[in-house]
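**Q** Prediction below, plus the sequence it came from.
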Amino acid sequence: MIRGLVRFIDQRTGTAPLLRKSLRYLFPDHWSFLLGEVALYAFIVLVGTGIYLTFFYEDSTARVVYHGPYVPLQGQEMTQAYRSVLDLSTTVKAGLLIRQTHHWAANVFIAAIVLHLMRVFFTGAYRKPRELTYWIGVTMLTAALLEGYLGYSLADDLLSGMGLAIGYAVAMSIPFVGANLAALIWDGPFPGSHAFFPRMYIVHVLVIPVLIGTLLAVHLALVALKHHTQFRQGPRESERKLVGVPTVPGQAPRSLGLFAIVAGVLFLLGGLVQINPIWLWGPYHTYDATNGAQPDWYLGWLIGALRITPSFDVTIGGYTLVPNPFWGGALLPLVFFAFLYLWPWLERRLTGDDAYHNLLERPRDAPLRTAIGYAVMSLVFLVFLAGSADRVDVMFGLSYSAQIWLYRVLFFAGPVIAALLAYRTCVELQRGEQLHRRRKLAERAARTARGRA
Amino acid sequence: MSSVRAFLLAALALLLGRRRRPRPLRPGERERLVVPPPPDNARAELLAIGLLLASAACGIAFVVVYVLDRLPAHTQLLGLSLGLAFTFLAAALTVTAKRLVVTEELEDDYPENEHPDEQERIVQVVHESGLTRRRLFVVALGAATGSIGVALLAPVASLGPAIHMARFYLTPWRRGTRLVDEQGRPLRADQIEEKTFYTAFPEGADKESLGSPIVVVRLRPDQLDLPSDNAGFDASGIVAFSKICTHAGCAIALYRAPLFEPTDPRPALVCPCHYSTFDPATGGSVIFGPAGRKLPMLPLQVDARGFLRAQGNFDSPVGPSWWGVRLKGPTS
């Protein structure tokens, strides 16, 4: 049967040599190489569950009065969009499971991408000849963040409406063109015209998924063309020689198993762990808000940055040059992603290293990169923490305003401290290893000397 | 770690050693491409099959739960059955990978870093393709594609009113507009109590537009300290402000006005999104948080029948800041 299938494919496509090669394509073995695969499998779950959701979702902001089975909301005015998500969650069989799995998968997708990015950054995997792979990966991360934000905004519950209002304010805050841009996106001032939700919907279910899918294909093709990077785990790995497990028979069951466990965990989460119970938040109105609102985790750094910015708009006469939300909501992510895009080039300028690299470095092997990476990471983590200051106030009684002042100081001091600590740690680890090596050599020399004596 | 490495090396030596002593090939038989599997793994095979059957059982359970939709905790049972089906499958595949199939550690060459000859040939083909005034051609080609690009982008302007900003200044409030609550009932001045806040809208207007919603609070006359620009905006201690935060456009949904001692600090309107805090007693000035503009204040009056009405429009445009927000006042 297999022979027949192979013959059929080869006769129609002539790809038997390619297929045979890809069966024996080598995957170097290290647990951290699986993070990207987790993101890939979460994306597959996202597409599958997402398609199912589109069969029930309505993208209309026309106002209706709710008469469904969920008693606390009966008689309330809401948009058709919100009612359709409510119905999907309450009356469609398995609808809530699929919706919650989709939401969990989005969180896992972005978490896996971020961890994968950290692995790639701190091991220097982005270095020549793999800069294109890296840039495409960073682009997928930005697309994924926007995709997640649009996704939970479509539900049009109270929380997501507040998120959209903040997004609108950030768009408005862009110097010179902000309001014009917002007018284009929303078709007028917030909350926008009836055209806005259909726009958001088509971008969420078509434009960005197709973009991510295409970039993903190029990303994987580039990885395969230049082969995987590897750690030096023994004497056999080198810049020229790759050591790994072939696709078949070794890698395929491992990788399929990883897919199954990602899908399994996501469906378990989707069924057992509640996420975004929109019926509790209620429908959105521009004049309503709830306390203790938090976005999905991957936007937490932006809300933190918006919160710690002191009160000022930059004005020249009557002209408002930089409205306040620009700093935390637009400039910070802009600088962050500019850093990610420019880093391979920056590092080349700093170190003068223009060589090809197939072997990975450990963080300690490149103290400068590790230090700068830690500085950026700690900055993002600090503003992320700042976003939780209100919850910390409620739960632990620490004054909110005192915390905000602390974070304002830490915003500047934290990254410097983190960079110095990381650099020092790398250097000490290197020295420790040198010492270890020297001691071993000396012990061996002593043993042989004693043997001779 | 080192023991793992030693084990791997030993296993490798074993595998390679086995390969060096192949039994002679029978006629018509080919050399193996994959190293032979370890001899006895009947138990692992049994385990894998058991796990696959468990996965199948969970898959069937999912369908059964789906059909019997009167079960309590329906979503949980659905998630549990489908999640476990995948998890058992993952376990079976893990056993397969670790115990059943061969895990070879092979070597391969990295692809060539570059192909200088091929690069040269590409350049040569381009050079020899026949264009003489190449620079001029490239400039003209750039002009053509550039203007086509601009032409194709121009319709983007149809997406919204991107040039005329008048709508960003517009609010439904005008002199004499009556304040109504969420159900459309007019608000009377004597309904408004201290230490609580009311959401109100302009009578007959769209409640959802950013210019509509206001917060109404009553302050004691001795608390009130309005700046000269806002003099006379209150209706005997009742003050009204846009409910839309000037920072990021959320609704100002919190009123900090403690009912018992300590009642310091003074009453404040707070936005729950980023905790911009405004002082109603001083005309909505920012006392904490990121907002860069004071809260727009609506002048109030009480009509002959005791209903609250607007004296005019807000003192400044509502909603989050943008480049033109300070250029002119709100329009009705």
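**A** Thanks, I have the structure now.

**Q** where do the strands sit along chain A?
**A** Ranges of strands within chain A are A:26-27, A:63-65, A:77-79, A:241-246, A:314-316, A:319-322, based on DSSP state E.

**Q** ok, now the stretch 201-332 of chain B?
**A** Secondary structure of the stretch 201-332 of chain B (DSSP state E, counting those that start in this stretch): strands located at B:214-218, B:238-242, B:254-256, B:268-270, B:277-279, B:285-288, B:297-298, B:300-302, B:308-310.

**Q** neighbours around residue B:189, how many?
**A** Neighbours of residue B:189 under the rule other CB atoms under 10 Å in any protein chain shown: 20. Just so you know, the C-beta spots here come from the backbone N, C-alpha and C atoms, and that holds for glycine as well.

**Q** Same question for residue A:77.
**A** 12.

**Q** Could you do residue A:14 as well?
**A** 9.

**Q** Distance check, it against chain B.
**A** Distance, residue A:14 to chain B, by CB to the nearest CB, to the nearest Å: 21 Å.

**Q** Dihedrals phi and psi, that residue?
**A** As for residue A:14, its main-chain torsions (degrees, to the nearest 10) stand at phi 70, psi 30.

**Q** right, and residue A:136 touches residue A:219 too?
**A** Yes. Residue A:136 lies in contact with residue A:219 (CB atoms under 8 Å); the separation is 4.8 Å.

**Q** residues contacting the closest residue to residue B:79 other than its chain neighbours?
**A** Excluding its sequence neighbours, the residue lying closest to residue B:79 (CB to CB, 6 or more residues apart in numbering or on different chains) is residue A:271, at 0.9 Å. The contact partners of residue A:271, taken as CB atoms under 8 Å, 6 or more residues apart in numbering or on different chains, are A:97, A:100, A:101, B:75, B:76, B:77, B:78, B:79, B:80, B:82, B:83.

**Q** show me the residues around the residue in chain B positioned nearest to chain A that make contact.
**A** Nearest to chain A, among the residues of chain B, is residue B:79, at 0.9 Å (CB to the nearest CB). Residue B:79 sits next to A:97, A:100, A:101, A:267, A:268, A:269, A:270, A:271, A:272 when contact means CB under 8 Å, 6+ apart.

**Q** what's the spacing between the second one and residue A:80?
**A** For residue A:100, the distance to residue A:80 under the criterion CB to CB, to the nearest Å works out to 22 Å.

**Q** just to revisit the earlier point, next step: the contacts of residue A:271 restricted to helices.
**A** Counted as lying in helices by DSSP state H, out of those, are A:97, A:100, A:101, B:75, B:76, B:77, B:78, B:79, B:80, B:82, B:83.

**Q** Which of those residues sits closest to residue B:216?
**A** Nearest to residue B:216 out of the ones in helices among the contacts of residue A:271 is residue A:100 (CB to CB; 39.9 Å).

**Q** What's the separation between the closest one and chain B?
**A** On the measure of CB to the nearest CB, residue A:100 and chain B end up 8 Å apart.

**Q** My read is that that residue contacts residue A:268, right?
**A** No. Taking contacts as CB under 8 Å, residue A:100 lies outside contact range of residue A:268: 10.6 Å.

**Q** More neighbours: which of the two?
**A** residue A:100 (25 against 21).

**Q** Grab the nearest non-local neighbour of the more buried one.
**A** Spatial nearest neighbour of residue A:100, excluding adjacent residues (CB to CB, 6+ apart): residue A:270 at 4.1 Å.

**Q** and the gap between that neighbour and residue B:135?
**A** Counting by CB to CB - residue A:270 and residue B:135 are separated by 60 Å.

**Q** Check residue B:147 too.
**A** Counting by CB to CB - residue B:147 and residue B:135 are separated by 19 Å.

**Q** In contact with residue A:347, which residues?
**A** Applying CB under 8 Å, 6+ apart, the residues near residue A:347 are A:127, A:353, A:369.

**Q** Next one, pLDDT for the first one please.
**A** Spelled out, it's residue A:127. With respect to pLDDT, residue A:127 scores 96.

**Q** Equivalent analysis for residue B:260, please.
**A** 82.

**Q** repeat for residue A:291
**A** 84.

**Q** For the stretch 301-450 of chain A, which segments are assigned as helices?
**A** For the stretch 301-450 of chain A, the helices defined by DSSP state H, counting those that start in this stretch occupy A:325, A:332-351, A:367-386, A:389-396, A:400-452.

**Q** what about the first one, average pLDDT?
**A** This means helix A:325. For helix A:325, the mean confidence score works out to 97.

**Q** and what of the fourth one?
**A** Per-residue confidence for helix A:389-396 averages out to 92 on the pLDDT scale.

**Q** Determine the set of other helices and strands touching it.
**A** With contacts taken as 3 or more CB pairs under 8 Å, 6 or more residues apart in numbering or on different chains; DSSP states H and E, helix A:389-396 sits against helix A:400-452.

**Q** Could you list the residues of the stretch 1-150 of chain B in contact with chain A?
**A** Contact residues, the stretch 1-150 of chain B versus chain A (CB under 8 Å from any CB of the partner chain): B:5, B:8-9, B:34, B:66, B:69, B:74-80, B:82-87, B:89-94, B:96-97, B:100-111, B:113.

**Q** circling back: which one of the contacts of residue B:79 is nearest residue B:166?
**A** residue A:100 (43.9 Å).

**Q** Check the spacing between that closest one and residue A:49 real quick.
**A** Distance from residue A:100 to residue A:49, by CB to CB: 9 Å.

**Q** what do you get for residue A:189?
**A** Per CB to CB, residue A:189 is found 34 Å from residue A:49.

**Q** These two: which is more packed in?
**A** The residue with more neighbours, out of residue A:189 and residue A:49, is residue A:189; 26 against 22, by other CB under 10 Å.

**Q** how about the residue most central in space within chain A, what does it touch?
**A** In chain A, the C-alpha nearest the mean C-alpha coordinate belongs to residue A:110, at 3.2 Å (CA atoms, centre = their mean). Residue A:110 sits next to A:141, A:144, A:145, A:148, A:298 when contact means CB under 8 Å, 6+ apart.
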